[in-house]
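Participant: Fold the following.
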Amino acid sequence: MSGEHWHGEDSGAGLDEEEQEEVSALARRLAVRPWQVGGRDDTVIEAVHRHAHGLRRALARVGWSLTVEPDLVRVHKPAGLAASPVPGEASAAGTWFWLTVAALESLRPRVGLGQVVAAARAAAAEATIAVTQSPTELRALVAALGMLRERGLLEELEGHIEALLDQEDPPVLLRVHHVRLLHVVPRGVPLNECGQWSTDPATDPGQWLAGLERPEDLSVRMCGMLADQAVVHTCDLSDDERQWFSDRLPREGTAAAEAFGLTLERRVEGAAFVMPAASYAGEWELGPFVFPRRQRGGTVVHAALLLIDHLTQVGDRGAAMAPGPGWYGAGAGEVVGRLGELAAQYTGWAGEYRSDPSRLAEHVRALLEPPGLLRVVGGYEDQWWLSPAVARWTVVAHEPGQDVTAHHVMETAR
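Facilitator: Residues are numbered from 1 along each chain as shown. Now for the predicted structure:
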């Protein structure tokens, strides 16, 4: 540790170097998978019990708290701190997640998948949400059930949830862990005068997220943003946040990064917590977003990297409509055209993309938008803007041994 202090305390106080490394590795593991459940993650739960005090101090740097029970470990992020603190963001899967959570409370501990689905659809009807039973809706429901399984709220005793995609009522037996349902809702959710949520996340998850409280402490809020997001762009910050970025980021941001065994990478346009290649034991430590590498990806990955190479060389920079300084811009037509040229050049690409560059562009967009590396602005023609951070990853520059990712340590409510 650097010896920097947080509210007068060194988060590594009393820990020797070996123990501090273990705490940092656990903090990274919990950041990637905030839900550790008995029967699946017993080794991690045991380690958390041994290092609970040091972990709490490390997580406090970014505003996170820790629940430690015999068969459950749960990291809680302040409700308004994370970009996506809970499943939702007005997505269909997020809506079905909350509908199913509400339905599970009244079901028996052992229940068939068909009963869970019926209860979720009944909850939707009660919330006046139309139930179409279309293939798209069914995929969203299965995705929501998968979120519940990942968090240990649902356990498959016989069969698999995905069977619902092929059968209307597959023979799947589930176990509902009712006690764990208590840990789903983020802490600090505002209530109305009747003690109820001001907005129902099942019916309006976007509005619910917008109303969540944010940490008052500026340092906690900023370090939490760095821990949560792949990249924090200065163009998105308020005046006081930019001032903190300028004056206090080198000291407090570095200390927070070191608590996780990461390093702070700072540029004029923004900053990120980065995981050096030598500091992790496996890619499961790297978080939900690892910037794609050519040798491990397919057509979409390769196309994204080549498009980055192209736009960082010829893209429009400094335009008045850019999200901020240093962003690389191009019209959607230019993007599709360039991908078409690349498709003609790289004959090994998947045929579905070589024959349809517009579809390839959609999938490249889906790859780069979630971590905030791409923003598409509508207008007469959609304008693609690549973050200055993308210049960090290019086909030519990415060599073995380099830092492999801007560490996206937050995962939505896992």
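
Participant: I'd guessed M147 sits against S91; true?
Facilitator: No: when contacts are counted by Cβ atoms under 8 Å, M147 is not listed as touching S91 (10.8 Å). Every C-beta, even on glycine, is put in place using the N, C-alpha and C of the backbone.

Participant: which residues of the chain score low on pLDDT?
Facilitator: Within the chain, the segments meeting pLDDT under 70 span 1-14, 79-90, 186-215, 277-297, 393-414.

Participant: show me where it has strands.
Facilitator: 35-37, 65-69, 72-76, 110-112, 154-158, 173-176, 232-233, 263-267, 270-275, 328-331, 374-377, 383-386, 405-406 (DSSP state E).

Participant: Any chance of a markdown table for these, columns distance to A125?
Facilitator: Converted to a markdown table, the strands of the chain look like this (distance: least, Cβ to Cβ, whole Å):
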| stretch | distance to A125 |
| --- | --- |
| strand 35-37 | 29 |
| strand 65-69 | 33 |
| strand 72-76 | 31 |
| strand 110-112 | 19 |
| strand 154-158 | 21 |
| strand 173-176 | 21 |
| strand 232-233 | 41 |
| strand 263-267 | 49 |
| strand 270-275 | 44 |
| strand 328-331 | 44 |
| strand 374-377 | 35 |
| strand 383-386 | 40 |
| strand 405-406 | 43 |
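
Participant: thinking again about what came up before, M147 and S91: which is more packed in?
Facilitator: M147 (22 against 17; other Cβ atoms under 10 Å).

Participant: Any idea which of the strands of the chain gets closest to G337?
Facilitator: Proximity to G337 (Cβ to Cβ) singles out strand 328-331 among the strands of the chain, at 9.2 Å.

Participant: Residues touching that closest one, excluding its own?
Facilitator: Residues from elsewhere that reach strand 328-331, judged by Cβ atoms under 8 Å, 6 or more residues apart in numbering: 311-312, 314-317, 319, 321-322, 338, 381-386, 388, 390.

Participant: could you redo the last one with a cut-off of 6 Å?
Facilitator: 311-312, 315-317, 319, 322, 381, 383-386 (Cβ atoms under 6 Å, 6 or more residues apart in numbering).

Participant: same deal with stretch 129-144?
Facilitator: The contact list for stretch 129-144 (Cβ under 6 Å, 6+ apart) reads 92-93, 96-97, 100, 121, 124, 164-165.

Participant: Could you list the domains of the protein?
Facilitator: By the assignment in automatic domain parsing, the chain contains the domains 17-81+214-285, 92-181, 294-397.

Participant: So which of the ones you listed is the most surrounded?
Facilitator: domain 17-81+214-285 (a mean of 19; mean count of other Cβ atoms under 10 Å).

Participant: re the thing from before, which among the contacts of strand 328-331 gets closest to A361?
Facilitator: Of those, the one sitting nearest to A361 (Cβ to Cβ) turns out to be W384, at 8.6 Å.

Participant: Which one of the strands of the chain lies nearest to L367?
Facilitator: strand 374-377 (8.4 Å).

Participant: Output the contacting helices and strands for that closest one.
Facilitator: When contacts are defined as 3 or more Cβ pairs under 6 Å, 6 or more residues apart in numbering; DSSP states H and E, strand 374-377 packs onto strand 383-386.

Participant: just the helices in the stretch 101-250 of the chain please.
Facilitator: 113-126, 135-150, 178-181, 205-210, 218-228, 239-247 (DSSP state H, counting those that start in this stretch).

Participant: Now the nearest residue to D71 once chain neighbours are set aside: phi and psi?
Facilitator: Nearest non-adjacent residue to D71, counting by Cβ to Cβ, 6 or more residues apart in numbering: G38, 2.9 Å away. Main-chain torsions, G38, degrees, to the nearest 10: phi -60, psi 150.

Participant: Any figure for the gap between G38 and R108?
Facilitator: According to Cβ to Cβ, to the nearest Å, G38 and R108 sit 20 Å apart.

Participant: How about I308?
Facilitator: Look at I308 and R108: by Cβ to Cβ, they are 51 Å apart.

Participant: Hmm, W64 and G224 touching each other?
Facilitator: No: counting by Cβ atoms under 6 Å, G224 stays clear of W64, with 7.4 Å between them.

Participant: Kindly provide the distance from A332 to P357.
Facilitator: As judged by Cβ to Cβ, A332 and P357 stand 11 Å apart.

Participant: meant to ask about D247
Facilitator: Where P357 is concerned, D247 sits at a distance of 46 Å (Cβ to Cβ).

Participant: Could you do L181 as well?
Facilitator: 46 Å.

Participant: Repeat that for A31.
Facilitator: 37 Å.

Participant: for R317, same thing?
Facilitator: R317 is 24 Å from P357, by Cβ to Cβ.

Participant: and if you look at L237?
Facilitator: Separation of L237 from P357 (Cβ to Cβ) stands at 36 Å.

Participant: just to revisit the earlier point, for E362, state which of the contacts of strand 328-331 is nearest.
Facilitator: Of all the contacts of strand 328-331, E362 sits closest to W384, with 11.8 Å by Cβ to Cβ.

Participant: For the closest one, name its beta-bridge partners.
Facilitator: A330, V376 (DSSP bridges).

Participant: Just list the residues touching it, thanks.
Facilitator: 330, 335, 376.

Participant: Dump those residues into TSV; add distance to S134 as well.
Facilitator: Converted to TSV, the contacts of W384 look like this (distance: Cβ to Cβ, whole Å):
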residue	distance to S134
A330	35
V335	31
V376	26
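
Participant: Now flag whichever of those is closest to V220.
Facilitator: For the contacts of W384, the nearest to V220 is V376 (31.6 Å; Cβ to Cβ).

Participant: Could you check how far that closest one is from E362?
Facilitator: 10 Å.

Participant: again with S246
Facilitator: Distance of S246 to E362, given as Cβ to Cβ: 38 Å.

Participant: ok, now Q167?
Facilitator: From Q167 over to E362 the distance is 30 Å, taken as Cβ to Cβ.

Participant: what does D239 give?
Facilitator: The value you get for D239 to E362, if Cβ to Cβ is used, is 36 Å.

Participant: With G372 instead?
Facilitator: When Cβ to Cβ is the yardstick, G372 and E362 sit 18 Å from each other.

Participant: before we move on, what about F260?
Facilitator: Going from F260 to E362 by Cβ to Cβ gives 34 Å.

Participant: try G318
Facilitator: Distance, G318 to E362, by Cβ to Cβ: 27 Å.

Participant: now R267
Facilitator: 29 Å.
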